[in-house]
Structure formats: C-alpha cells, structure tokens
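Undergrad: Fold the following and give me the result.
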Amino acid sequence: MAKKYLLGLGTILLAIVLCACQSTSQSQDGKDKKSAEDRKKEENMYAKKENKDQKDWVTYKGDVAHVFYHPLITEPKVAFTGDPNSAKGNNDWMITVDEFNKSLDELYKHNYILVDPHDVFDLKSNPVKKKEIKLPKGKKPLILSIDDMNYYEYMRGHGYADRLVLDKNNHVVSETKGKDGKVTQSETNDIVPILNNFVKKHPDFSYNGQKGVVALTGYNGVLGYRTNELDSKDYDKRKEQATKVANAMKRDGWTFASHSWGHIDFAHSSYDRIVADTKRWEKEVTPIVGKTDLFIFPHGAQDRGSQAYNYLDHQAGFKYIAGVGPNNFTDIGKDSVYQDRVAIDGLNLYEFKYKLKPFLDPEKVYSKEDRKYFKGDKDYK
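TA: Predicted coordinates:
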C-alpha cells in the first residue's frame, strides 16, 4: 500500500515538475521573443557601423576631398518662380532633390567614400597632422558637408521642407506643412534621410557609417526648431525636440559644425562682434548638438592671417576650419587644419563645371526639367 502511495505521489510530482518546466520554458521563450523584439526596435537601420571585411584595405596616400551643399529644393516650380531675387538665389546656390540623388550616384561612381574630418586628420595632436587611413583599394576619402540646415523662416512655403523630425521608427525624416494645412513626412526629399538610405544601400560609400557634416547657424533656430526664441513659452519643448533629432543624427553618423550664430561675414565684422557671435553659438546651439571642434565659414571667408581666425583657432577651440574655393586647397598648420570646399550648386553645375569635374559629371546631374521654371537673369550671361 505504501509502495503504491509513493509511486502515485512520485507520478504526481513528476507531472507538476513537467508542467512547471513547460510553463517556465514558455515564459522564457516569451521573454526571449519580447527582448528580441525590443532589441530590434532599439536598433536603427541607419546607425553608424564599422565596415566589414577590412583585411584587404590599403593605406590611402592621396589628398582628402570636400564638397558641400545647401538645403534641397523640394518644389522647383515654387522655388524658381515668384520673387525674382529669391528665385535667382535658389537657382544659383541650391540644387533640387533630383539633382542631389544624381550627384550621389556620380560621387559613388567616381569611387569616393564618405569620411569624418576626424577620420583623416588628428585634431587632438600637437601639432595637428594627417592621419593614416586604410580604405578599400581604389576608394578616395570625401568629406561632405551641408550649410544652413536650419530651415530658415524665409524658406517655409517657398519650395523647401520645414524641419527634420523623428518618425514612429525613430528615423530622421523631413516634415512639411502644405498650403492646405496638411503636414506630411518624407524620407525622399531631404539630404539626411536620402543619404541615410543611400549608405544603407551602398555601405561601401561610407567609412564606418559616416554621413556628413552639418554646419548650423543659430539666429533662426536649428533643424527647423525656433530655439533662438529664448523667451518663448515653447522654448523648452523646441529645444528637447531639436536635441532628440540631433542625437539621432549623431547616432546615424552625422557630425555638427559651427557656421557662426548669425551667418556673419567675417571679412566685414569687427573682432568683438566675432567673439560675441561665437559665444552666442556656444550658448544656444552647443546644448542641442553637442560640443564641436569644426568651424565652417559663412560667406566662404578665409583670411587665415586675421585676428579673428587666430581667435577661432587658438581660443574658441576649432581645429578643423573650412571655407570655399575652386578646389580643395588644404593647409595643415600647427594648431588646426584649414580646407577649401567645392560647392555642388546651380552655378557650378551649369557654368563653372570645371570645379566639379573631379567629383562628378555636371551634365548628368544638372536637371533641365527642374530648372525650366527659372526665367530670370544669370550673372554669367
């Protein structure tokens, strides 16, 4: 009797243990599944990643190239018509979404690979120096920068996107409010999402996931958020939103540079004004995008012998300083690197094509279809 009792009790205990194990297993499976889903959600398809299979890369011995853009025209018919001065400025200094897409294809075809200035220059050493960098054989390093990605007030409703936002997947996309009041988001009409997607498709176009350098002013806020209005009741909210976008961009391989706070012309500004402007950028923009040692001159000014340049170099902490030129003239000094950038814009695509020939075929990028709306005069005609 006792034997039967013990046998029965053992059977019951075994059943309980098996049920418990099954329950624990199901619970663990559910936990693993949930955590995998969470991980997938946290990961970002555009996040900066190291290039795979670097064993066959070779040390690059040549020069470092640098091209730059301004914000993209999303509606050519709007941007190239209306006020004659605005239309002319858009035609000269900007390019359209279609032209930007074509320019990326051309840069890729010409074997360029995107790098960060810190990848190719040791800005912490004293003196600063060029770094040794290994790249896939045949690839050439290219710094790509964008000026004035502030989405200025004058651009709203005039053929440009309004601002950058994060979509439901935490991806950076553009946002635009139409004349009908409808707000739309897009990953196909702005430099940031377009380049993010291009690098995802062509990972060999980027060194370790690097995208571009975004040169910001501060006088009209940053990234489409009016963070210059310090007394606004919405200031804290705007600052928080802009910071989230900036953090997502840095996660994805974007770097920020100062373009001065007020987009001032250094060639015609007093030393005191330059110092005050620099400090204001640090006060209003740095808390959003983080500290930077990169400075890009507004108006392309490049007087390297001036007191103002000495201030940027020695006191403001900028170690990579860039201007604009017909080629990529580069001067590696004791305390900083100066480099000229070449603009990919309407003027160079149409008239001064020789400047762009090392990077792309201007004929394949320039869009006659987009620019047919511009009926104004050109400086070079």
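
Undergrad: tally of neighbours for N44?
TA: Close neighbours of N44, defined as other Cβ atoms under 10 Å, add up to 16. Just so you know, the C-beta spots here come from the backbone N, C-alpha and C atoms, and that holds for glycine as well.

Undergrad: correct me, but it touches R251?
TA: Yes - with contacts defined as Cβ atoms under 8 Å, N44 counts as touching R251 at a distance of 6.4 Å.

Undergrad: Can you give me every residue that contacts H299?
TA: For H299, the residues meeting the contact criterion (Cβ atoms under 8 Å, 6 or more residues apart in numbering) are H263, D265, F266, A267.

Undergrad: Quick check, pLDDT for the residue nearest to the third one when sequence neighbours are not counted.
TA: When you say that, I think you mean F266. Nearest-residue entry for F266: A301, 4.1 Å, with adjacent residues in sequence omitted and distances by Cβ to Cβ, 6 or more residues apart in numbering. The score at A301 is 77. That number is its pLDDT.

Undergrad: Hmm, G325 and A301 touching each other?
TA: No - in this structure, A301 is not within contact of G325 by Cβ under 8 Å, at 11.4 Å.

Undergrad: give the contact list for A267.
TA: H299, A301, D303.

Undergrad: where does it land in three-state SS?
TA: Under the three-state scheme (DSSP: H, G, I helix; E, B strand; the rest coil), the conformation of A267 reads as helix.

Undergrad: residue contacts, the residue nearest to F266?
TA: Neighbouring residues of A301 by Cβ under 8 Å, 6+ apart: D265, F266, A267, G323.

Undergrad: Among these, which one lies nearest to D119?
TA: D119 lies nearest to G323 out of the contacts of A301, by Cβ to Cβ, at 20.4 Å.

Undergrad: Distance of the closest one relative to D331?
TA: G323 sits 11 Å away from D331 when distances are taken as Cβ to Cβ, to the nearest Å.

Undergrad: now swap in E106 and tell me
TA: When distance is defined by Cβ to Cβ, E106 is 28 Å away from D331.

Undergrad: again, but for V183
TA: The gap separating V183 from D331 is 46 Å, by Cβ to Cβ.

Undergrad: Which parts of stretch 134-152 count as buried, going by neighbours?
TA: Of the residues in stretch 134-152, those scored as buried under the neighbour-count criterion (16 or more other Cβ atoms under 10 Å) are 135-136, 139-152.

Undergrad: To clarify, my last question referred to stretch 159-178.
TA: 159-166, 171-176.

Undergrad: what's the first-to-last distance across it?
TA: Across stretch 159-178, the straight-line distance between its terminal residues is 10 Å, by Cα to Cα, to the nearest Å.

Undergrad: Give the rounded mean pLDDT of stretch 258-277.
TA: The average pLDDT within stretch 258-277 is 96.

Undergrad: all numbers from here: first residue = 19
TA: I'll keep to 19 as the first residue from here, and by that count the last item is stretch 276-295.

Undergrad: For that stretch, list every residue counted as buried.
TA: Within stretch 276-295, the residues that qualify as buried by neighbour count (16+ other Cβ under 10 Å) are S276, H277, S278, W279, G280, H281, I282, F284, S287, I292, V293, D295.

Undergrad: mind listing what the last one touches?
TA: Read that as D295. Applying Cβ under 8 Å, 6+ apart to D295 gives the contacts S278, W279, G280, I282, S287.

Undergrad: before we move on, what SS does the second one have?
TA: Of the three states, W279 takes coil under three-state DSSP.

Undergrad: how far away is the closest residue to G227 other than its chain neighbours from S385?
TA: Nearest residue to G227 in three dimensions, chain neighbours excluded: K66, at 3.4 Å (Cβ to Cβ, 6+ apart). With the distance defined as Cβ to Cβ, K66 ends up 31 Å from S385.

Undergrad: same check, this time on A260
TA: Spatial separation of A260 from S385 under the definition Cβ to Cβ is 32 Å.

Undergrad: between the two, which one's more packed in?
TA: For A260 and S385, the more surrounded residue by other Cβ under 10 Å is A260, and the numbers stand at 23 against 16.
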